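Novice: All I have is the shape, not the residue letters:
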């Protein structure tokens, strides 16, 4: 087995896509007489500033010899990568052998949750004797090495079937029949998820960038995602590719505490709402979460759409688990679980005789009804109607990060309220 790791071949402005380059490498491998066992797509730390939208790295698993594999990968990068963009710095790592050693596998796990350096990646490459090459500052070698170890690093595989546009159509509006896409999404759900957003009427699987992707169908079953793609009526497709991925797995989240959370990492954190949610300019909703040792701002930004109503329904004292990336001291909510809801509030007592609210009798003297001369020692508890239930809530598909786990996949520790 030979593992061909690839990363950082696309551009925010010019498009291209490393998945497409990997599919082309796979085609050339087959043309050279090699077999391709799988294509691996790994989403790395979503907080990396240099990323294009999804921060994906790719690996082609083949039986072709390492030297020939490197030649094919290098020629593909030189022909297809957006290397004239100064922010595009491709990297290739070619690894002979069926399995990556544990330090490389651990490097892959860390690349999803941390910031790693080129020096560390090159040290690993040299210590295990891998071949590698890079363009520009070679930053893509980091992701390429992470892709080499990804197949062994993650134990919850999901799949994406990506359809690619004919080259002369790229940069023009995509020709896709929306009705057929929504029907295909219904047919494949829940095995195929995040294909559309019914609440927003959005075709989530269709990118807006000018790259080669027509649409990408994600899910738990490889045959289902392929079948959903085939049910969509659209412009002619140049080629398609099936990728095994860590998408939709929450692999980026780590358990932590509010006090020890750091920028550039994503967490699951427990705490209690300590400041009521407020809506700020632009429609962003903020509240504060505390755990007795610290406090952290949490935000549902405007692109999370109807999820913000869930956040606005929170009250001071609600117990939560929140998930998301911490950036500039604020956790950007991806989902949260209500563990316990405040179901009463303290209020001025009513007079037991006339039913009207009592008035304060003075500081520390309780309340009394001036008409009936009744009294009460203090405020009383009154039930509160809540628009939330215990369990998990999530951003809608239109706002979901590639790596965030949709609630419909299951495996959560409380009831779920999936969005679709």
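Specialist: On my side now, so go ahead. If you're wondering where the values come from, they're calculated on a predicted model, not measured in any experiment.
Novice: Report the contact partners of the nearest residue to residue 236 once chain neighbours are set aside.
Specialist: Of all residues not flanking residue 236 in the chain, residue 166 sits nearest, at 5.8 Å (Cβ to Cβ, 6 or more residues apart in numbering). C-beta here means a position set from N, CA and C on the backbone, and glycine is covered the same way. Contact analysis of residue 166 by Cβ atoms under 8 Å, 6 or more residues apart in numbering lists 235, 236, 237, 238.
Novice: Between those, which sits nearest residue 65?
Specialist: residue 238 (28.1 Å; Cβ to Cβ).
Novice: burial of the closest one, as a residue count?
Specialist: Close neighbours of residue 238, defined as other Cβ atoms under 10 Å, add up to 17.
Novice: same question, residue 27
Specialist: Neighbour tally, residue 27, other Cβ under 10 Å: 15.
Novice: Which secondary structure state does it sit in?
Specialist: With DSSP: H, G, I helix; E, B strand; the rest coil as the basis, residue 27 sits in helix.
Novice: Would you mind measuring from it to residue 20?
Specialist: 11 Å (Cβ to Cβ, to the nearest Å).
Novice: Redo the contacts of residue 166 as JSON lines? Include distance to residue 71, pLDDT and secondary structure.
Specialist: JSON lines is the format used below for the contacts of residue 166 (distance: Cβ to Cβ, whole Å; pLDDT from 0 to 100; DSSP: H, G, I helix; E, B strand; the rest coil):
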{"residue": "235", "distance to residue 71": "33", "pLDDT": "98", "secondary structure": "coil"}
{"residue": "236", "distance to residue 71": "31", "pLDDT": "98", "secondary structure": "coil"}
{"residue": "237", "distance to residue 71": "28", "pLDDT": "98", "secondary structure": "strand"}
{"residue": "238", "distance to residue 71": "24", "pLDDT": "97", "secondary structure": "strand"}
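Novice: of those residues, buried ones?
Specialist: Buried subset of the contacts of residue 166 (neighbour count, 16 or more other Cβ atoms under 10 Å): 235, 237, 238.
Novice: Just give the nearest non-adjacent residue to the second one, would you?
Specialist: The shortest distance from residue 237 to any non-neighbouring residue, by Cβ to Cβ, 6+ apart, is to residue 163 (4.7 Å).
Novice: Quick check, that neighbour in contact with residue 235.
Specialist: No - counting by Cβ atoms under 8 Å, residue 163 stays clear of residue 235, with 9.6 Å between them.
Novice: Overlap in contacts, those two.
Specialist: Joint contacts of residue 163 and residue 235 (Cβ under 8 Å, 6+ apart) are residue 214.
Novice: now do the same end-to-end measure for stretch 74-86.
Specialist: Distance between the two ends of stretch 74-86: 18 Å, counting by Cα to Cα, to the nearest Å.
Novice: Now do the buried residues in it.
Specialist: 74, 76, 77, 80, 81, 82, 83.
Novice: Over to stretch 177-186?
Specialist: For stretch 177-186, using 16+ other Cβ under 10 Å, the buried residues are 181, 182, 183, 184, 185.
Novice: What of stretch 156-166?
Specialist: Neighbour-count burial for stretch 156-166 flags 158, 159, 160, 161, 162, 163, 164, 165 (criterion: 16+ other Cβ under 10 Å).
Novice: closest to residue 314 among those?
Specialist: Nearest member of the buried residues of stretch 156-166 to residue 314, counting by Cβ to Cβ, is residue 158, at 30.4 Å.
Novice: Against which helices or strands is the longest strand belonging to the chain packed?
Specialist: Using DSSP state E, we find that the single longest strand of the chain is strand 265-279. In terms of contacts (3 or more Cβ pairs under 8 Å, 6 or more residues apart in numbering; DSSP states H and E), strand 265-279 is packed against strand 253-255, strand 285-290, strand 295-300, helix 307-312, strand 319-327, strand 330-340.
Novice: of all those, which lies closest to residue 32?
Specialist: Across these, residue 32 has its closest neighbour in strand 253-255 (40.1 Å, Cβ to Cβ).
Novice: Neighbouring strands - and their directions - for the closest one?
Specialist: Applying DSSP bridges, strand 253-255 is found paired with strand 265-279 (parallel).
Novice: Report the rounded mean pLDDT for stretch 371-384.
Specialist: The average pLDDT for stretch 371-384 rounds to 84.
Novice: and if you look at stretch 268-285?
Specialist: Across stretch 268-285, pLDDT averages out at 97.
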